[in-house]
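Chemist: The sequence and its predicted three-dimensional model are supplied below.
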Amino acid sequence: MFRLENGSPGEYQIPEEAVERLEELLQKQKVHIHGYLLLGGRKILAERYYAPYGPEDNHRMYSITKSFVALAVGLLIKNHLVGIDDKICDYFPEYLPEGGVHPWCADLTIREMLSMRTCYANTTYKDYDGDDWTESFFRVPPDHASGTVFSYDTSSAHVLGALVEKKTGVKLLDYLRREAFDKVGFSKGAYIMEDKMGVSQGGSGLMSTLRDIAGVAYLCNHFGILDGEELLPFDFMREALSNLTPTDMQPTLDEQCGYGYFFWMPRTRRDDQLGPEDGFVMYGMGGQLAVCFPRLDFCYLTMADTIGNPAGLQILYDCFYQTVYPYLRERPEDNPDAFLEKAQGKREDLCGQRAAERAEDDRAQELAKRLRPSGEETYRFFKNAQNWKEIAFDWRGWQEGSVGVRLRRDRRADPHSAETAAQDPAPELVFPVGGWKRQTNPASGFRCECRADVKNGHLILQCFLIDEEHGHMRMDLAWRDESVLTVRMTCTNEPSLEGLKGFATAERI
C-alpha cells in the first residue's frame, strides 16, 4: 500500500540549514505562502503550513488541474477510447455551428490541444455569451492556425476534460481515482469544481490537499509506474513530460523552458538534450507548484496566493533554487530507465533513440523542409488585428547561419493614419542563428541587435533596441505545413515597436 512517509532532509544530503534558509527567504520576500512540501522518493523531507491552512485542508490548485486532464487523456488513449491525433471536432458534433466550423478549429487535434498549440489566443468561454463553456470552444472565431505556436488556452483543457467525461460516463476525478489515484492515496474529500453545465472545470477547478498533489507528483516522477504496476501509460508519460513546444514568448524565466502535454519544463543543471527524466512542473495560478525531477526522485511543492504580485511566482522558484536545489544529487539506484523494466519485465533501450528524441529529429527535419532555406519566400497574412500584410524571408544566408526577415504592415488599414499613407517600406533585418548581429533598422533609424534560434520546429527571433530607445521584440514562427505559417509576436510599448504584438496566420504566395 502506497503512503507518504515521514523523513528528514539529511536523508537526501540536504542540510537542515538549507531548509531553514528556504523558509526564511519565503518569509523575508513577503510571498503569501500557504504551505510547502519537499518530497524525496516517498518520504516527506520537510513540510510546513501557514494559517489558516493545514495538511488536511483542500486548496484551490488552479491549472494543476490541466496536468490531471493530461493524465486522464493518456488513460483514454491506453484504453483505446480516443487517439492522440484524432480531431476534437469529431467528438463534439452537437456543438458545431450549422454553417460549419472554422477550418482552423476543424484541423485541431488532441495532441495539439495538449501541447497548447490551439487556434485561440484567449480562453474561449470568456469571450462567449452562453453558459456552455465546452460549446464556446467550437463557436468563438479562432485567430490563428492550430498546430503552430504556443498559446496558453485554458478552454482547451476544459474541453479535453469534457471529452474524458463524455467517453467514460464518469466525472474526471472519479475516472482518475478509479484508474490510478486511489492507489497513491488521493483523498476522498478532493473535488473539481464544475461549470454551469455540470462539466468538471478541467482548466482550473481542482480543490485538493498539497499531499494529494505530492502523491500524483511521485507517480509522474516514476512515469506512471507504482511498485511495478503501470497505473498510467508509460509511453504516454514519457512523451507528456518531454519538452515538445518552445515557450520563449512567456514573460518570466520559469515559463520559458518549454512545454509538454499540460506540463511545463523547469530550470535544470543540464541545458542540452533534456529528456523527460530531467524534470517537469505542474503549475497553477497564484503559486500552486509541483516542481519535479525524476532523475533526482525529488519534488518541491507549494500552495500560495501570489495573485496580484507579479514577482510572486518567480520568488517561489528562486527561493528553492537558491537554497535546496544546489544540494540535490542523482540517485543511481532510482534510475528512471529501470521503471519500464519493472513494469514489463524486460529491458528496453531508453538511453538510445527514445521516442521523444526521434520526434525531435522528425521536427528538425520537418522545419528544414518547411523553411526551404534557399532563395526568398513571401507569405501574405489573413485578416488580423495588427494590420500585418506580408512577411518575407531571405534564406540565401541560411547555410552560413542567418536569415533576413521583412515584415510589412498596411498603414491604409489603420484608422489613425491618413488615407493616403503608404504601406510600410518593409525593411529587412538579419537574424543570425545562435548569435547576435548589430545593425540599424531602416524604418526607425535606431540601432538594434538581433538573433535567431531554432527550437522544436519553431523559428524564434529576437530584436533589442540599443539606441536612444530601449525595447525589444520577440517572434515565434511555426509552420503547420509548407504553405501556412503562424506568427506570435510580443514587444515592449516603445513607439518604434508599436503594434508588433499578437497572433496572425499567413499563407505562402
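Modeler: Perfect, thanks for sending it.
Chemist: Please make it C-alpha for all contacts and neighbour counts, starting now.
Modeler: Will do.
Chemist: give the contact list for residue 505.
Modeler: Going by Cα atoms under 8 Å, 6 or more residues apart in numbering, residue 505 touches 143-145, 381-382, 484-487.
Chemist: now swap in residue 50 and tell me
Modeler: So, once contact is read as Cα under 8 Å, 6+ apart, residue 50 ends up touching 33-35.
Chemist: now do residue 135
Modeler: When contacts are counted by Cα under 8 Å, 6+ apart, residue 135 touches residue 95.
Chemist: Give me the distance between the helix or strand containing it and the centre of its chain.
Modeler: Secondary structure from DSSP states H and E places residue 135 in helix 133-139. In terms of Cα atoms, centre = their mean, to the nearest Å, the gap separating the centre of helix 133-139 from the centre of its chain is 22 Å.
Chemist: Please apply the same query to stretch 46-59.
Modeler: On Cα atoms, centre = their mean, the centre of stretch 46-59 falls 28 Å from that of its chain.
Chemist: Helices of the stretch 301-450 of the chain, start to end?
Modeler: 312-323, 338-344, 355-371 (DSSP state H, counting those that start in this stretch).
Chemist: Ok, the stretch 151-300 of the chain next?
Modeler: Remark: helices assigned in the stretch 151-300 of the chain by DSSP H, counting those that start in this stretch are 154-168, 172-179, 210-221, 234-240.
Chemist: where does residue 351 land on pLDDT?
Modeler: In this prediction, residue 351 carries a pLDDT score of 35.
Chemist: Could you do residue 495 as well?
Modeler: 69.
Chemist: coming back round to it: among the contacts of residue 505, which pair sits farthest apart?
Modeler: The largest distance within those, taken as Cα to Cα, falls between 143 and 484 and amounts to 13.6 Å.
Chemist: more neighbours, these two?
Modeler: Set side by side, residue 143 and residue 484 show more neighbours around residue 143, with 22 against 18, by other Cα atoms under 10 Å.
Chemist: before we move on, what SS does the more buried one have?
Modeler: At residue 143 the chain is in coil, as set by DSSP: H, G, I helix; E, B strand; the rest coil.
Chemist: which residues sit in contact with it?
Modeler: Counting by Cα under 8 Å, 6+ apart, residue 143 has contacts 119-121, 384, 503-505.
Chemist: buried subset of these?
Modeler: Applying 16 or more other Cα atoms under 10 Å to the contacts of residue 143, the neighbour count classes 119-121, 503-505 as buried.
Chemist: ok, how many other residues are close to residue 253?
Modeler: Number of residues near residue 253 (other Cα under 10 Å) recorded here: 13.
Chemist: picking up where we left off before, looking at the contacts of residue 505, which is nearest residue 92?
Modeler: The shortest separation between residue 92 and any of the contacts of residue 505 is 19.8 Å, and it belongs to residue 145 (by Cα to Cα).
Chemist: pretty sure the closest one contacts residue 104?
Modeler: Yes. In this structure residue 145 lies within contact range of residue 104 using Cα atoms under 8 Å: 5.2 Å.
Chemist: Which secondary structure element of the chain has the lowest mean pLDDT?
Modeler: Of the helices and strands making up the chain, the lowest-confidence element is helix 338-344, at a mean of 48, by mean pLDDT, DSSP states H and E.
Chemist: from the buried ones among the contacts of residue 143, which ones fall inside strands?
Modeler: Of the positions in the buried ones among the contacts of residue 143, 503-505 sit in strands, assigned by DSSP state E.
Chemist: now residue 438: how far from residue 121?
Modeler: For residue 438, the distance to residue 121 under the criterion Cα to Cα, to the nearest Å works out to 32 Å.
Chemist: Pairing partners for residue 300 in the sheet, please.
Modeler: Listed by DSSP bridges, the beta-bridge partners for residue 300 are residue 38, residue 291.
Chemist: Give the rounded mean pLDDT of the helix holding residue 135.
Modeler: Model confidence over helix 133-139, given as mean pLDDT, is 98.
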